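Undergrad: got a predicted structure here, sequence first:
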Amino acid sequence: MEDGINKPYKICDVNREKKKGIVASTLEDLLSKVPEKLGLPAENLTVVLECDGTEVDDEEYFSTLDPDTSLMILHGSEKWAPNMPKCQVSLDQTDDITLGDKTQVANLVGRLQHNLCHISLLGGQDLELLSDMDPDSLADIVTDRDNRIILEHIKEASGRILLEKRQAQDAMELLKLYHQSVANGTEDVSPPSQERV
């Protein structure tokens with residue numbers, strides 16, 4: 001295959017921490033320069049579009065990319081993930097929550113900043129800590145407006161998930177009561193507030 005035209009590209013590692021400019025004429029040419037630029041091994045590399053994770057795996061598609069396209073270089077089993085803004089939490093300010101709670105909030109936010117979906121895996125105590133924070137306390141521990149917005153979304157989502165978990169637990173308790181009453185031969189299993197007709 002004839003070499004293409006040299007075009008500039010922006011490349012980054014999976015964590016978007018190492019970012020470099022690179023000029024390449026082909027996908028093969030780009031891949032040959034990655035180890036030096038990003039410090040990655042030369043084998044088992046995958047090129048994807050940084051914006052959406054579309055894999056760039058052939059020269060024909062690579063040749064259609066615009067100059068300055070941002071590419072992510074994955075190594076081995078690394079997977080593309082959307083770029084989530086990092087939320088910085090400052091622990092040096094004082095307010096009505098304890099330092100232990102602030103540290104726990106910072107740790108929880110750190111775990112959630114890469115994938116907010118993990119919020120559904122948190123336990124009730126962690127969800128309560130996040131959902132019970134008052135907005136003024138949140139304003140005191142975040143370092144800028146964008147981070148406050150992120151934490152407000154986390155607060156809202158944790159409150160919603162906590163409510164759903166509690167509703168599911170209540171439903172399970174009612175179901176247990178129903179099954180116990182059926183097993184005991186009780187005919188009336190309706191809640192006491194309802195009258196039988």
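TA: Arrived safely.
Undergrad: buried residues in the host helix or strand of Arg166?
TA: Assigned by DSSP states H and E, Arg166 belongs to helix 145-183. Neighbour-count burial for helix 145-183 flags Asn147, Arg148, Ile150, Leu151, Ile154, Lys155, Ala157, Ser158, Gly159, Ile161, Leu162 (criterion: 16 or more other Cβ atoms under 10 Å). C-beta: built from backbone N, CA, C; applies to glycine.
Undergrad: show me where the chain has its strands.
TA: Assigned by DSSP state E, the strands in the chain fall at 7-12, 19-24, 45-49, 69-75.
Undergrad: how about the ones you listed in TSV, adding mean neighbour count and distance to Glu128?
TA: TSV is the format used below for the strands of the chain (neighbours: other Cβ atoms under 10 Å; distance: least, Cβ to Cβ, whole Å):
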stretch	mean neighbour count	distance to Glu128
strand 7-12	18	37
strand 19-24	15	39
strand 45-49	18	38
strand 69-75	19	37
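Undergrad: would a markdown table of the ones you listed with distance to Gly124 be doable?
TA: Listed next are these as a markdown table, based on distance: least, Cβ to Cβ, whole Å:
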| stretch | distance to Gly124 |
| --- | --- |
| strand 7-12 | 38 |
| strand 19-24 | 40 |
| strand 45-49 | 37 |
| strand 69-75 | 36 |
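Undergrad: which stretches of this structure aren't confidently modelled?
TA: Applying pLDDT under 70 to the chain picks out residues 1-3, 84-103, 105-106, 110, 113-115, 133-148, 186-197.
Undergrad: one step back: nearest to Asp52 among the buried residues of helix 145-183?
TA: When those are ranked by distance to Asp52 (Cβ to Cβ), Ile150 comes first, at 21.2 Å.
Undergrad: any idea how far that closest one lies from Leu49?
TA: Ile150 is 25 Å from Leu49, where distance means Cβ to Cβ, to the nearest Å.
Undergrad: ok, Lys20 next?
TA: 16 Å.
Undergrad: ditto for Arg166
TA: 41 Å.
Undergrad: same thing with Glu36?
TA: 22 Å.
Undergrad: then Thr26?
TA: Applying Cβ to Cβ to Thr26 and Leu49 gives a distance of 17 Å.
Undergrad: can you give me the neighbour number for Lys79?
TA: For Lys79, the neighbour count with other Cβ atoms under 10 Å is 9.
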